[in-house]
Structure formats: structure tokens, C-alpha cells
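> Fold the following and give me the result.
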Amino acid sequence: MNIKLLSLVLLFTATGALAAGGTEDVQHIVSITPVPGSCQVEPATLVYLDSQGVSHTLTYSVMGTCQGGV
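Modelled structure (predicted):
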């Protein structure tokens, strides 16, 4: 997993855990939306399993990489 992706996963997971008042940890990433090539903010989703095997879905916004456009 690349370091930027891992940083985002940890940031959003920690933020979600703190907001929920929990301390669940990521044991397995089920799926993550790839960063789009557009030049705008797009919705993204991260689905992971915590240490209890419970699935969590985190929805957030991500800025595209502007590949092929301005």
C-alpha cells in the first residue's frame, strides 16, 4: 500500500473512531475508491473490517489528480 493512501486511511479511520467515541482498529481493508483523474472534488468510499470483524463504510471527499485536464 502506498504511503499517501495509508496516511489517508489512518487519518479517516482515526477521525471516524474519535467521532464515534470508539477505538476500533483497521484489520483489513475490503475496498477503497481510487483517486479520480478529474480536476474536481469527488466522493470516495473506504470499506474496512475492524478487529471484531465488523464491516465499516467511510464516505469522504477526495480531490482528483487532474490527469489529462486542467
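> which regions of the chain sit below the pLDDT cut-off?
1-24, 68-70 (pLDDT under 70).
> what about the helices in it?
Secondary structure of the chain, counting by DSSP state H: helices at 3-20.
> all strands of it, in order?
Assigned by DSSP state E, the chain shows strands spanning 26-32, 41-50, 55-63.
> Ranking those by mean neighbour count, which comes first?
strand 41-50 (a mean of 15; mean count of other CB atoms under 10 Å). For the C-beta atoms, the positions are set from N, CA and C on the backbone; glycine is no exception.
> and it, what does it pack onto?
helix 3-20, strand 26-32, strand 55-63 (3 or more CB pairs under 8 Å, 6 or more residues apart in numbering; DSSP states H and E).
> So what sits opposite residue 29 in the bridge?
Note on residue 29: beta-bridge partners by DSSP bridges are residue 48.
> how many neighbours does the closest residue to residue 64 other than its chain neighbours have?
Distances taken as CB to CB, 6 or more residues apart in numbering place residue 38 nearest to residue 64, at 3.8 Å, with adjacent residues excluded. Using other CB atoms under 10 Å, the number of residues around residue 38 comes to 14.
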